[in-house]
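Asks: got a sequence here, can you model it:
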Amino acid sequence: MQKNYTKNLSVLLLGTLFISTSGVLGRYIAMPAEAIILCRAFLAAIFIYIFCRVQKISFKINSAKDKRSFLMGGFLMGAHWVTYFYALKLSNVALAMLSIYTYPIITVFIEPFFSKKKVDRIHILMAILVLVGVYNLIPEFSIENTYLQGILLGILSAFFYALRNLIVKEDVKKYNGSMLMFYQMVIISVLLLPTLFFSDYSNIESQLPWLLLVALLTTAIGHTLMVNSLQHFSATKASIISSIQPIFGIIIAFIFVNEIPSSSTFVGGSLILLTVIIESVRSKK
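Replies: Reported below is the predicted structural model:
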């Protein structure tokens with residue numbers, strides 16, 4: 001039992017680490033957000049398709065209800081990515097990633113609508129800690145402040161991500177995680193096809209190495225590991241444990257793009273990290 005828990009937690013944290021690379025890669029790629037997402041989803045779909053074929057994973061969807069669920073999951077994932085990448089462009093890696101991690105708060109309060117579980121009081125306390133952490137990130141309350149705009153977009157992105165995880169939580173009980181991610185990537189690609197006519201793809205060739213990296217490392221591997229972890233953790237627990245992602249992201253951003261967080265960012269990040277430690281210990285017990 002102990003061995004299985006350690007393995008499952010390691011998979012969740014490894015997936016979180018890979019997903020954390022999205023912040024730095026998003027800053028590196030000199031393309032509009034919607035163009036990045038289309039290329040990312042299309043390339044990731046290819047990588048995941050090859051993996052599924054090699055592993056002989058079925059692509060069959062069993063019912064019309066499940067098809068609707070897949071479609072909704074793909075739409076929400078696409079909305080999450082687009083708003084997140086705009087948050088990155090308007091603020092910085094630390095603020096964008098930390099603001100997204102209001103999604104454990106959102107998950108805590110909406111998960112009971114998707115299952116019979118009641119809201120755990122300790123989760124409410126941890127949600128408040130995350131909220132206070134995010135509050136410390138905001139430099140000033142002015143709607144004209146681009147950092148505040150980035151944070152608000154990050155919170156909207158968090159809402160889409162929380163809904164998507166709760167929908168996928170039901171699907172992952174019946175389908176392979178890689179297969180689920182393949183369909184989500186296809187759906188996102190189809191939904192963003194119209195951007196080919198109005199967005200700027202002129203420098204796609206020079207950005208291709210970074211696009212391939214974000215498609216393979218961040219998306220195909222990272223998000224698939226995250227989806228698979230939902231077989232072993234509730235959406236709330238997985239979201240709280242994976243709140244360590246901004247910490248990973250800040251460290252990666254410091255190493256590769258020399259972004260140095262402010263003191264208030266450290267305070268907010270510390271509060272978020274505290275919730276990760278508490279929930280990791282609780283879920284282990």
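Asks: low pLDDT regions in the stretch 151-285 of the chain?
Replies: 236, 261, 272-273, 276-277, 279-285 (pLDDT under 70).
Asks: show me where it has its helices.
Replies: 177-191, 204-213, 224-229, 235-241, 245-257, 263-284 (DSSP state H, counting those that start in this stretch).
Asks: CSV for these, including mean neighbour count?
Replies: (C-beta placed from N, C-alpha, C; glycine too.) Output for the helices of the stretch 151-285 of the chain, formatted as CSV (neighbours: other C-beta atoms under 10 Å):
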stretch, mean neighbour count
helix 177-191, 23
helix 204-213, 15
helix 224-229, 23
helix 235-241, 26
helix 245-257, 20
helix 263-284, 18
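Asks: dump those into TSV; add distance to Ser115 as well.
Replies: Shown next, in TSV, are these (distance: least, C-beta to C-beta, whole Å):
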stretch	distance to Ser115
helix 177-191	18
helix 204-213	36
helix 224-229	17
helix 235-241	9
helix 245-257	24
helix 263-284	16
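Asks: nearest to Asp120, of those?
Replies: For Asp120, the closest of these is helix 235-241, at 7.7 Å, according to C-beta to C-beta.
Asks: would you mind pulling up the elements that that closest one packs against?
Replies: Applying 3 or more C-beta pairs under 8 Å, 6 or more residues apart in numbering; DSSP states H and E, one finds that helix 235-241 makes contact with helix 2-19, helix 103-110, helix 121-135, helix 146-171, helix 263-284.
Asks: which residues are in contact with that helix?
Replies: Residues from elsewhere that reach helix 235-241 (C-beta atoms under 8 Å, 6 or more residues apart in numbering): 9, 12-13, 16, 103-104, 107-108, 111, 114, 120, 123, 126, 162, 165-166, 169, 226, 229-230, 233, 275-276, 279-280, 283.
Asks: please compute how far it lies from its chain's middle.
Replies: 12 Å (C-alpha atoms, centre = their mean, to the nearest Å).
Asks: next one: stretch 25-33
Replies: The answer for stretch 25-33 is 16 Å, by C-alpha atoms, centre = their mean.
Asks: can you give me the end-to-end span of it?
Replies: 12 Å (C-alpha to C-alpha, to the nearest Å).
Asks: avg pLDDT for that stretch?
Replies: Here stretch 25-33 scores 80 as its mean pLDDT.
Asks: flag every buried residue along it.
Replies: Neighbour counts using 16 or more other C-beta atoms under 10 Å place 25-27, 29, 31-33 of stretch 25-33 among the buried residues.
Asks: report how far apart the opening and closing residues of stretch 56-71 are.
Replies: 23 Å.
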